[in-house]
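1. Quick one, structure for this:
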Amino acid sequence: MKICWGKSPVTSQEVVDALSTPRQWHPKTVKTLLNRLVKKGAIGFTKAGRAYLYRPLVAQEDCVTAESESFLDRVFGGSLKPMVAHFVQHKKLSAAEIRELKRLLEEKK
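-> Now for the predicted structure:
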């Protein structure tokens, strides 16, 4: 999805090329993933000659929100406090990150 959001439309070969270096995914695996995303309505495509041009059908922010809520429900039973506590306790936060978290929490009061 990040590839489609970053450059749209994108060919399947461009997606294969983008994923082959960092993840070493096989081209068939990438094409299967693209087909699943089409079936789920996350991306659409148009045919241009022999190539398929893929484009996102969902906004990145909408996808991030849905996935975040799904993660929160699955891992932390939908409760935000244990999730935040877990990350604060297990991840090293910079002073700037701590200030930003405090600011965000103050805004929510």
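
2. for the chain, what helix or strand is lowest in average pLDDT?
-> helix 12-20 (a mean of 87; mean pLDDT, DSSP states H and E).

3. hang on, residue 11 packs against residue 54?
-> Yes. Contact criterion CB atoms under 8 Å: residue 11 and residue 54 qualify, at 7.4 Å. All C-beta atoms are positioned from the backbone trio N, CA, C, and that covers glycine.

4. Show me which of these two is the more surrounded one.
-> residue 54 (23 against 15; other CB atoms under 10 Å).

5. Please enumerate residues in contact with the helix or strand hosting that one?
-> For residue 54, the enclosing helix or strand under DSSP states H and E is strand 51-56. With CB atoms under 8 Å, 6 or more residues apart in numbering as the test, strand 51-56 has contacts from 1, 4-5, 8-13, 15, 34, 38, 42-47.

6. mind running it again at 6 Å?
-> Contacting residues not belonging to strand 51-56 are listed as 4, 5, 8, 9, 10, 11, 12, 43, 44, 45, 46 [CB atoms under 6 Å, 6 or more residues apart in numbering].

7. I'm done for today, thanks for sticking with me.
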